[in-house]
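Peer 1: just need the structure, nothing else, for what follows:
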Amino acid sequence: MSSFATDPSNTHPNAPQANLSQNPVPLLSNRGIDYCPLKELLAQQDFQAADRLTLQKLCELAGPGALERKWLYFTEVASLPDQDLHTIDALWKFYSEGKFGFSVQRQIWLGVGKNWEKFWPRIGWRSGNNWTRYPQEFIWNLTAPAGHLPLSNQLRGVRVIEALLCHTAWTSPLSS
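Peer 2: Numbering: from 1, shown residues only. Predicted coordinates for the structure are as follows:
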């Protein structure tokens, strides 16, 4: 198990400094993944770059095939380590003041009875019959609705996000 230390003094000036000292996010990984670059992007509130890096980190976790093709098969999601998903989620939640993260999306999804037609508009990925177009129509700041980020590619349907939202990480003892 690898752990990358967090340094509260090494953040962007606009990052939530007061909260940082109270709740630093430990950058833990079962697979030796370095989450420092993701932390830095999120601390700078560069949510679009952080979103792209999140997908890259998920692909790293899934293995060489996913990393090469730059997307996940839903069948690869179950093999993602709980600890790594918690690290990614905790970073997103911390630097978004609790608005973004997979666990936030899961809570909303469960709150709408796992109904995708209610879920998409709630998180701002769909309005009426129109899907939000990437990247220009997504909101890359804290004015976005809760659960808006991180994104997951819906071109192949809902199976990847469903696998992420059903992952054991959210029901394991590590869950907060």
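Peer 1: quick one, longest helix in this protein?
Peer 2: Longest helix in the chain, counting residues (DSSP state H): helix 47-62.
Peer 1: tell me the first helix or strand C-terminal of it.
Peer 2: helix 64-69 (DSSP states H and E).
Peer 1: flag every buried residue along that next one.
Peer 2: Using 16 or more other C-beta atoms under 10 Å as the test for burial, helix 64-69 gives residue 66. Just so you know, the C-beta spots here come from the backbone N, C-alpha and C atoms, and that holds for glycine as well.
Peer 1: and residue 49, how far is that from residue 76?
Peer 2: From residue 49 over to residue 76 the distance is 23 Å, taken as C-beta to C-beta, to the nearest Å.
Peer 1: show me where pLDDT drops low in this structure?
Peer 2: 1-23, 154-156, 174-176 (pLDDT under 70).
Peer 1: any chance you could map the helices in it?
Peer 2: 17-22, 36-43, 47-62, 64-69, 74-77, 82-95, 102-111, 116-123, 159-165.
Peer 1: other residues contacting the last one?
Peer 2: With C-beta atoms under 8 Å, 6 or more residues apart in numbering as the test, helix 159-165 has contacts from 72-75, 77-78, 85, 102, 105-106, 109, 152-154.
Peer 1: export these to TSV and tack on distance to residue 133?
Peer 2: Shown next, in TSV, are those (distance: C-beta to C-beta, whole Å):
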residue	distance to residue 133
72	21
73	24
74	23
75	28
77	25
78	30
85	27
102	22
105	20
106	25
109	22
152	16
153	13
154	12
